[in-house]
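In: give me a model of this one.
(one chain, ligands or ions: 1)
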Amino acid sequence: MDFALSAEQIELRDNVLDFARRGLGGEPEGNAPASVGGFRRDLWERCGEFGILGLPVPGEYGGSGHDMVTTTVAMEALGEGCHDHGLLFSMHAHMWAVVTPIIAFGTPEQRERYLPRLVDGSWVAAHGISEPGSGSDAYSMRARAIKDGDDYILNGTKTFVTNAPVGDLFVVFATVKPERGMWGVTAFLIEKGTPGLSVSRPFKKLGLTTSPMGEVVLDDCRIPVANRLGKEGQGATIFNHSMGWERSCILASQVGRMQQQLDACVRYAKEREQFGKPIGSFQLVAAKIADMKVRLETSRLLLYRAAWQLSRAAEGGAMEAAMAKLYISESAVASALDAVQLHGGYGYMQDFHVEQQLRDSIGGTLYSGTSEIQRMLIARHLGLSPV
Ligand SMILES: Cc1cc2nc3c(=O)[nH]c(=O)nc-3n(C[C@H](O)[C@H](O)[C@H](O)COP(=O)(O)OP(=O)(O)OC[C@H]3O[C@@H](n4cnc5c(N)ncnc54)[C@H](O)[C@@H]3O)c2cc1C
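Out: Numbering: from 1, shown residues only. So this is what the prediction gives:
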């Protein structure tokens with residue numbers, strides 16, 4: 001067993017950290033007045049040019065073909081250096097729920113058409129499975145796809161779709177055979193501008209405010225069979241594949257942020273004086289910082305364990321992904337709360353960015369399956385059948 005990064009991984013991490021700090025600016029919550037829902041398309045394009053969006057994508061489609069551990073190193077560094085975690089969350093949604101399934105399940109034509117645009121930053125992608133009436137129980141969806149000659153006609157509403165208001169390409173799930181339950185669900189690739197596809201204005205939400213989210217409505221939306229992703233009825237397999245990647249990797253940048261947060265808290269605890277002493281000399285304050293460090297290192301171990309599993313393309317890995325997702329997301333909330341407390345009244349003020357970290361972190365316990373769902377999955381892998 002070797003926990004050390006290679007020389008190439010260290011070089012990549014340092015380059016990404018430098019890019020994130022200088023190329024993405026220090027502004028916390030996207031300030032571009034012309035942006036949709038605070039989303040910075042200029043920064044997105046810059047990330048595409050730098051190579052972030054193509055980290056795990058094969059070279060023939062414009063990516064750099066890195067393995068998952070190396071990709072995770074880069075995504076962690078990005079999270080450490082960049083304050084705009086809404087932007088990073090949008091990138092994770094794009095990479096793990098659209099790019100990865102196209103690589104795994106797309107036809108050669110679909111890969112040729114979509115991957116280069118998704119890698120170079122010219123297109124933004126979104127993934128819609130949740131509906132107003134079906135979230136955790138995703139396969140009880142009502143969206144329908146009916147075959148009509150060489151096309152499918154889609155009807156339904158998807159909600160909470162990250163990137164929808166700025167999306168150029170959508171992976172949408174609909175059922176072709178409702179009587180077959182999850183085995184009737186099928187995935188489709190829908191391009192912006194397709195008649196019958198519409199998206200809502202960005203939702204207002206608690207955190208990740210620069211990652212625009214909205215509703216996707218399909219109203220007699222006609223999709224050629226060539227735009228079906230995978231086979232008919234393969235939607236659940238594709239969704240599970242995406243969730244494996246998402247749960248393993250989506251919080252990599254959050255681990256980077258926990259590092260940045262810890263460093264800031266240590267600095268503050270040394271500088272801020274009360275009762276004639278630095279607050280870090282009080283045991284109750286020092287203990288908080290020790291707890292943050294342990295959460296960070298445990299999160300990092302679970303993250304890289306899950307990424308390593310993906311790199312080996314090993315069967316299984318679902319429990320590791322669920323454990324990483326659950327532990328990192330809940331640790332991020334706990335550490336963000338500690339960081340606010342440690343900064344006292346300043347931690348409650350927007351200028352210190354600590355309150356933003358708390359707001360952003362809460363989403364992690366909800367997206368890609370809630371904490372309750374992750375606990376159920378872990379229990380199932382241990383042979384229990386929780387209901
Ligand atoms: C920031 C963010 C980004 C998102 N991005 C996307 C996206 O890009 N695409 C997309 O399709 N969706 C997206 N979602 C939606 C997300 O996947 C759902 O919110 C999530 O799956 C939960 O579904 P729900 O909100 O309908 O809650 P519900 O499923 O109604 O759950 C409500 C509560 O009940 C609990 N619960 C439900 N079932 C059980 C059970 N069996 N046992 C125990 N507890 C249970 C849940 O854990 C939760 O606490 C996003 C959500 C957020 C917050």
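In: how many residues are close by residue 18?
Out: 12 (other C-beta atoms under 10 Å). Quick note: C-beta positions are derived from backbone N, CA and C, even for glycine.
In: sorry, wrong one. I was asking about residue 84.
Out: Neighbours around residue 84, by other C-beta under 10 Å: 27.
In: surely residue 208 is in a helix?
Out: No: secondary structure of residue 208 (DSSP: H, G, I helix; E, B strand; the rest coil): coil, not part of a helix.
In: show the pLDDT at the spatially closest residue to it that is not a sequence neighbour.
Out: Of all residues not flanking residue 208 in the chain, residue 86 sits nearest, at 4.4 Å (C-beta to C-beta, 6 or more residues apart in numbering). On the pLDDT scale, residue 86 is placed at 97.
In: my guess is residue 86 contacts residue 211. True?
Out: Yes: with contact defined as C-beta atoms under 8 Å, residue 86 reaches residue 211; the gap is 3.8 Å.
In: show me which residues of the stretch 101-250 of the chain sit near the ligand.
Out: 127-130, 135-136, 160-162, 208, 213 (C-beta under 6 Å from any ligand atom).
In: buried ones from the residues you listed, can you make that a PyMOL selection?
Out: The PyMOL command for the buried members of these (criterion: 16 or more other C-beta atoms under 10 Å) is given here:
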select buried, resi 127+128+129+130+135+160+161+162+208+213
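In: return every residue with contacts to both of residue 86 and residue 211.
Out: Shared contacts of residue 86 and residue 211 (C-beta atoms under 8 Å, 6 or more residues apart in numbering): residue 39.
In: nearest spatial neighbour of the closest residue to the ligand within the chain, skipping sequence neighbours?
Out: Residue nearest to the ligand within the chain: residue 135 (1.8 Å; C-beta to the nearest ligand atom). Leaving out its chain neighbours, the residue that sits closest to residue 135 by C-beta to C-beta, 6+ apart is residue 160, at 7.7 Å.
In: ramachandran angles for that neighbour?
Out: Main-chain torsions, residue 160, degrees, to the nearest 10: phi 60, psi 30.
In: for the closest residue to residue 272 other than its chain neighbours, give me its contacts.
Out: Take residue 272 and drop its neighbours on the chain: the residue closest to it by C-beta to C-beta, 6+ apart is residue 279, 5.0 Å away. Applying C-beta under 8 Å, 6+ apart, we find residue 279 in contact with 268-269, 272-273, 285, 342.
In: looking at residue 279 now. What's its pLDDT?
Out: 98.
In: still on that earlier bit, please identify which of the residues of the stretch 101-250 of the chain next to the ligand is nearest to residue 250.
Out: residue 162 (10.4 Å; C-beta to C-beta).
In: per-residue confidence for that closest one?
Out: Value for residue 162, per-residue pLDDT: 98.
In: same deal with the one 4 residues further on?
Out: The confidence metric pLDDT takes the value 97 at residue 166.
In: what of the one 4 residues further on?
Out: Reading off the confidence values, residue 170 has pLDDT 98.
In: what's the nearest residue to residue 348 if we skip its chain neighbours?
Out: residue 355 (6.0 Å).
In: which helices and strands does the helix or strand hosting the one you found pack with?
Out: Per DSSP states H and E, residue 355 falls inside helix 354-362. If you count contacts as 3 or more C-beta pairs under 8 Å, 6 or more residues apart in numbering; DSSP states H and E, helix 354-362 packs onto helix 85-94, helix 252-271, helix 318-342, helix 344-347.
In: and after that helix, which helix or strand comes next?
Out: Note on helix 354-362: by DSSP H and E, the next helix or strand toward the C-terminus is helix 371-381.
In: export that following helix to PDB, keeping only CA atoms.
Out: Output in PDB follows, covering the C-alpha atoms of helix 371-381 (Å, rounded to 0.1, in the frame of the first residue of the first chain):
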ATOM      1  CA  SER A 371     -27.800  10.900   3.600                       C
ATOM      2  CA  GLU A 372     -30.800   8.600   4.600                       C
ATOM      3  CA  ILE A 373     -30.600   6.900   1.200                       C
ATOM      4  CA  GLN A 374     -26.800   6.400   1.500                       C
ATOM      5  CA  ARG A 375     -27.300   4.800   5.000                       C
ATOM      6  CA  MET A 376     -29.900   2.500   3.500                       C
ATOM      7  CA  LEU A 377     -27.500   1.500   0.700                       C
ATOM      8  CA  ILE A 378     -24.700   0.800   3.100                       C
ATOM      9  CA  ALA A 379     -27.000  -1.300   5.300                       C
ATOM     10  CA  ARG A 380     -28.200  -3.300   2.300                       C
ATOM     11  CA  HIS A 381     -24.500  -4.100   1.400                       C
END
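In: before we move on, the earlier item: type out the ChimeraX command that picks the buried ones from the contacts of residue 279.
Out: To isolate the buried subset of the contacts of residue 279 in ChimeraX, counting by 16+ other C-beta under 10 Å, use the following:
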select :268,269,272,285,342
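In: low-confidence bits of the stretch 201-350 of the chain, can you list those?
Out: Along the stretch 201-350 of the chain, the parts satisfying pLDDT under 70 run over 313-316.
In: so what touches stretch 7-27?
Out: By C-beta under 8 Å, 6+ apart, stretch 7-27 touches 5, 43, 46-47, 50, 52, 66, 69-70, 73-74, 76-84, 87.
In: filter those residues to the buried ones?
Out: 43, 46-47, 50, 52, 66, 69-70, 73-74, 76-84, 87.
In: now go through those and say which are in strands.
Out: Of the buried ones among the contacts of stretch 7-27, none are assigned to strands by DSSP state E.
In: leaving out the residues flanking it, which one is nearest to residue 66?
Out: If the residues on either side of it in the chain are set aside, residue 66 comes closest to residue 55, at 5.1 Å by C-beta to C-beta, 6+ apart.
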